[in-house]
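**Student:** sequence unavailable; structure follows:
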């Protein structure tokens, strides 16, 4: 089996690409970083440091790469059996053009074997959104064949992959935590589902998408934003602050009530899941900076993302949300001159104030009690 993976960054190499290669699938990475591409072509392998109770370095083999700007990426799309991505939500629409061209070439060549595409991104139903972008670019006469032979498979992914360690000189070296979770919607595949250890199939993907979004992602960004206010530099430092740990846990418990009401998760098992997440944040071998986790606050304040979506759920089920509201207020305090979204957010706060800024970016009612509470909490920091 041949797989094409868009994104040869740390997540691409350390998580999805590794699982594919470990399953004896031939992986071609495509990326704009020519240094990484050249190294992958020359070495055809790279080291992954897996850190937890024990630390081991595993060598991923049987891989190669191609620059994303190379026209022959279109040929790779046409010839692949599986395509995965780890490029970030904003880049999905950019690669849609290449995918559309490759799928058209595949159809025109008469190839009818199944192809499955899986976007492995921190977003809800990311592959479905990618499919919409691709289909906007396909010729009308091609769409029926693509619909017949190409599966667009939504997934939920969870693995903490921090930036390269300070002083690391190998451009391919990557560090990952022991824990990983890759859950795919088994109802969306075309043909046989590939046997990839570490990829779990489910017929109820949204339960796991929201479990991860409302727990790992919500907890991660609340840790970052409260840690930023307290002057902590890393997620580990922040979560080891007893006051922050208590509030992060409370925020995840509030979002957890939504999951328990919506999907019937068992309360005790979900409490154990929360404790596991808190333990992952405190992993001494993962140096993850608060600034990195807090980046792109506008996206994180979107109505379908990790702060507002669980908050809307608490409103729907009429359960407590005081700490989630505090997490939203803390996000408004995030400043980072190198992050365009942080700069835009602070400019909006200066120009129109808290209420209008929140209403614009979150979709919450400007005159509703939630925005009033967030504004009050914002003033207390």
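**Tutor:** Okay, I see it. Here the structure is a predicted model, which is why all the values come from computation and not from measurement. Numbers count the residues shown, from 1 in each chain.

**Student:** check the offset of stretch 46-66 from the chain's centre.
**Tutor:** Its chain's C-alpha centre and that of stretch 46-66 lie 20 Å apart, by Cα atoms, centre = their mean, to the nearest Å.

**Student:** correction: stretch 355-368
**Tutor:** That offset, for stretch 355-368, works out to 25 Å (Cα atoms, centre = their mean).

**Student:** buried set for that stretch?
**Tutor:** 355, 357-359, 361-362, 364 (16 or more other Cβ atoms under 10 Å). Where C-beta positions appear, they are placed from N, C-alpha and C, glycine not excepted.

**Student:** ok, stretch 316-332 next?
**Tutor:** Buried, per 16+ other Cβ under 10 Å, within stretch 316-332: 319, 321, 323-332.

**Student:** let me see the ranges of the helices in the stretch 251-381 of the chain.
**Tutor:** 267-281, 290-294, 297-300, 308-317, 322-332, 340-362, 369-380 (DSSP state H, counting those that start in this stretch).

**Student:** and those, which is most packed in?
**Tutor:** helix 322-332 (a mean of 24; mean count of other Cβ atoms under 10 Å).

**Student:** ok, which stretches of this protein are strands?
**Tutor:** In the chain, the strands defined using DSSP state E lie at 2-6, 26-31, 45-51, 55-61, 63-67, 82-85, 115-119, 150-153, 155-158, 174-177, 181-185, 199-202.

**Student:** using JSON lines, lay out the ones you listed together with mean pLDDT, mean neighbour count and distance to residue 369.
**Tutor:** Below are those laid out as JSON lines (pLDDT from 0 to 100; neighbours: other Cβ atoms under 10 Å; distance: least, Cβ to Cβ, whole Å):
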{"stretch": "strand 2-6", "mean pLDDT": "98", "mean neighbour count": "24", "distance to residue 369": "43"}
{"stretch": "strand 26-31", "mean pLDDT": "98", "mean neighbour count": "23", "distance to residue 369": "46"}
{"stretch": "strand 45-51", "mean pLDDT": "95", "mean neighbour count": "19", "distance to residue 369": "44"}
{"stretch": "strand 55-61", "mean pLDDT": "95", "mean neighbour count": "13", "distance to residue 369": "48"}
{"stretch": "strand 63-67", "mean pLDDT": "98", "mean neighbour count": "20", "distance to residue 369": "52"}
{"stretch": "strand 82-85", "mean pLDDT": "98", "mean neighbour count": "25", "distance to residue 369": "40"}
{"stretch": "strand 115-119", "mean pLDDT": "98", "mean neighbour count": "25", "distance to residue 369": "36"}
{"stretch": "strand 150-153", "mean pLDDT": "98", "mean neighbour count": "22", "distance to residue 369": "40"}
{"stretch": "strand 155-158", "mean pLDDT": "94", "mean neighbour count": "24", "distance to residue 369": "32"}
{"stretch": "strand 174-177", "mean pLDDT": "94", "mean neighbour count": "24", "distance to residue 369": "39"}
{"stretch": "strand 181-185", "mean pLDDT": "96", "mean neighbour count": "21", "distance to residue 369": "35"}
{"stretch": "strand 199-202", "mean pLDDT": "97", "mean neighbour count": "16", "distance to residue 369": "36"}
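
**Student:** tabulate those in CSV, adding columns for distance to residue 286.
**Tutor:** Shown next, in CSV, are the strands of the chain (distance: least, Cβ to Cβ, whole Å):
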stretch, distance to residue 286
strand 2-6, 23
strand 26-31, 23
strand 45-51, 7
strand 55-61, 11
strand 63-67, 24
strand 82-85, 23
strand 115-119, 24
strand 150-153, 29
strand 155-158, 14
strand 174-177, 6
strand 181-185, 16
strand 199-202, 23
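
**Student:** closest to residue 107 out of the ones you listed?
**Tutor:** strand 150-153 (9.1 Å; Cβ to Cβ).

**Student:** one step back: ok, the buried residues of stretch 316-332 vs residue 126, which is closest?
**Tutor:** With Cβ to Cβ as the yardstick, the closest approach to residue 126 among the buried residues of stretch 316-332 comes from residue 331, at 21.7 Å.

**Student:** doesn't residue 226 make contact with that closest one?
**Tutor:** No - with contact defined as Cβ atoms under 8 Å, residue 331 does not count as touching residue 226 (9.7 Å).

**Student:** which of the strands of the chain sits closest to residue 310?
**Tutor:** It's strand 155-158; of those, that one is closest to residue 310 (Cβ to Cβ) at 15.1 Å.
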